[in-house]
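[1] Pasting a predicted model and its sequence here:
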Amino acid sequence: MSVAEQIRTLILRGELVPNQRLVEADLAEQFGVSRAAVRTALGELTVQGLVEREQNRGARVRVISFDEAIEIAEVRRALESLCAGKAATAVTDDEIVELKAIGEAMEQAVAGGDLGGYSAKNRELHARIHQISGQRTALSLIERLRAQSVRQQFALAMKPGRPSVSLGEHLAIIDAIARRDPAAAERAMTVHLDSVVAAMREVNGQQPPSVA
């Protein structure tokens, strides 16, 4: 894994938080690489929109505003709906079995109150749909957008009752893909991500302005 990928993973996991300073010397020691390698990695992450660099102030994890997070979610809605439709035309019998197994695991996680397990299966389902679709360009764009909105995703995941709501939406996506109905798969994904946007707005309205 490259230095850029390692830093990106820490941002995705929330171990590096928005506005946190990224000190080249500290990162070089942490990853056992040169400061030049870290500098190059930070440059890559700046292009990806995850890091911002200011003259004479160094690099920081970029802060994503709520309005920008909504825009990102809306763009993801278009890309992920495309992937769902393509997946419905490309899916194999074995992949249908796999998607249904993920859906069953999500049901079990919700029933058992396993928020972490549900979130992991949620990510796995979306990733498999992207892979099955064969839309590599869309996948690359989605991954970049997801990384930029990780803070809002965490707040949404913590919203009480959200897994129970999104479970039905995910099962509808799986069902449409399993029936090899691209139009239904696109609609189901659009409904799901419209719900995500609505939930993000609700969560943001419940937070103090300093947190939003």
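    Now that the structure is in, tell me what you want to look at.

[2] ok, the residue nearest to the spatial centre of the chain to Val38 distance?
    Geometric centre of the chain, nearest residue: Arg146, 3.5 Å, by CA atoms, centre = their mean. As judged by CB to CB, to the nearest Å, Arg146 and Val38 stand 23 Å apart. (Glycine included, C-beta is placed from N, CA and C.)

[3] Which stretches in the chain count as helices?
    3-12, 24-31, 35-47, 66-90, 93-111, 115-133, 136-148, 150-157, 162-178, 182-205 (DSSP state H).

[4] now the first one: mean pLDDT?
    Right, helix 3-12. The pLDDT scores in helix 3-12 average 86.

[5] what do you get for the second one?
    Per-residue pLDDT over helix 24-31 has a mean of 94.

[6] for it, the distance to its chain's centre please.
    26 Å (CA atoms, centre = their mean, to the nearest Å).

[7] what packs against that helix?
    helix 3-12, helix 35-47 (3 or more CB pairs under 8 Å, 6 or more residues apart in numbering; DSSP states H and E).

[8] looking at these, which is closest to Gly117?
    Ranking those by proximity to Gly117 (CB to CB) places helix 3-12 first, at 17.9 Å.

[9] For that closest one, output the C-alpha coordinates as PDB.
    The C-alpha coordinates for helix 3-12 follow below in PDB (Å, rounded to 0.1, in the frame of the first residue of the first chain):
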ATOM      1  CA  VAL A   3       1.900   6.200   1.500                       C
ATOM      2  CA  ALA A   4      -1.000   8.100  -0.100                       C
ATOM      3  CA  GLU A   5      -3.300   5.100   0.300                       C
ATOM      4  CA  GLN A   6      -2.200   4.600   4.000                       C
ATOM      5  CA  ILE A   7      -3.000   8.300   4.800                       C
ATOM      6  CA  ARG A   8      -6.300   8.000   2.800                       C
ATOM      7  CA  THR A   9      -7.300   5.000   4.900                       C
ATOM      8  CA  LEU A  10      -6.700   6.800   8.100                       C
ATOM      9  CA  ILE A  11      -8.900   9.700   6.900                       C
ATOM     10  CA  LEU A  12     -11.600   7.200   5.900                       C
END
